[in-house]
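# Quick one, structure for this:
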Amino acid sequence: MARILIVDDHAVLREGVKRFFEKQPGTTFGEAGTAHDAIKLAREQDWDLVVLDISLGGRGGLEVLKELKQSHPALPVLMLSMHSGEQFARRALKAGASGYVTKDSPRAELIRAVNQVLGGGRYISPLLAEKLVFDLEPGAGGALHEALSDREFEVLRLIASGKTVSEVANVLSLSESTISTYRSRILEKMGMKTNAELTYYGIRNNLVE
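Residues are numbered from 1 along each chain as shown. Purely as a prediction, here's the structure:
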């Protein structure tokens, strides 16, 4: 019997994932809509797998992933994402995820991903795997945002989506001065000067929802 913890800040999506496995005998589920609840449930109960939304509100899925792997190194985590871009998958896999699948994947692919990760393996789609391999080829230049830390990357995405420093601070539960510092580092690392440049870059590189 598999025990799966589904972490997503949208109840409808959590329910949708559960429905995918209605015909899988012996599968039981837990649900968490926030980072706090996810960490709490992971500490209080035993799970065979965590299905985690990478765009979880507040602290963000990547930060939750890192904390889960620190407290439960052997716990498999399958990242579920709206983003098919390899930059998101690369960060998730480096942080310890056992797999990465997009929310628009067919039901059969999600089931395959879950079963493969539950069996001790890893899963990424063939198309995404091809993109990741291409990035490793000699001469393949890295994107500017790859030099950013995970937190800087999250701040970049929020600014590029049109949020002000105050709004970003509210979303990430950080002070405005801290966000301003992150913004300055991002601009410096990426060789840019304005939020407009960051926004253009984020849209052009499919970093915003």
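
# Next, the residue nearest the centre of the chain: phi, psi?
What sits nearest the mean C-alpha location of the chain, by C-alpha atoms, centre = their mean, is I54, with 2.1 Å. Main-chain torsions, I54, degrees, to the nearest 10: phi -70, psi -20.

# Can you name the residues that contact it?
G60, G61, L62, M79, L80, S81, H83, F88, A92 (C-beta atoms under 8 Å, 6 or more residues apart in numbering). All C-beta atoms are positioned from the backbone trio N, CA, C, and that covers glycine.

# Now do the helices in the protein.
11-20, 35-44, 61-71, 86-94, 107-118, 126-135, 150-160, 165-172, 176-190, 195-204 (DSSP state H).

# Go through the third one and flag the buried ones.
If you call a residue buried by 16 or more other C-beta atoms under 10 Å, then helix 61-71 has these buried ones: G61, L62, E63, V64, L65, L68, K69.

# The second one now?
By neighbour count on 16+ other C-beta under 10 Å, the buried set for helix 35-44 is A35, A38, I39, L41, A42.

# Let me see the domain layout of the chain.
3-135, 144-204 (automatic domain parsing).

# Turn those domains into CSV, columns for mean pLDDT.
Listed next are these as CSV, based on pLDDT from 0 to 100:
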stretch, mean pLDDT
domain 3-135, 86
domain 144-204, 89
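
# on that earlier part again, ok, of the buried residues of helix 35-44, which one's closest to D9?
A35 (9.1 Å; C-beta to C-beta).

# Who's the closest spatial neighbour of Y182, skipping the chain neighbours?
Counting by C-beta to C-beta, 6 or more residues apart in numbering, Y182 lies nearest to V155, which is 4.5 Å off, once chain neighbours are set aside.

# Would you check that the one you found makes contact with R183?
Yes - V155 lies in contact with R183 (C-beta atoms under 8 Å); the separation is 6.6 Å.

# who has more neighbours, those two?
Higher neighbour count among V155 and R183: V155, with 28 against 18, using other C-beta atoms under 10 Å.

# how far away is the more buried one from N195?
11 Å (C-beta to C-beta, to the nearest Å).
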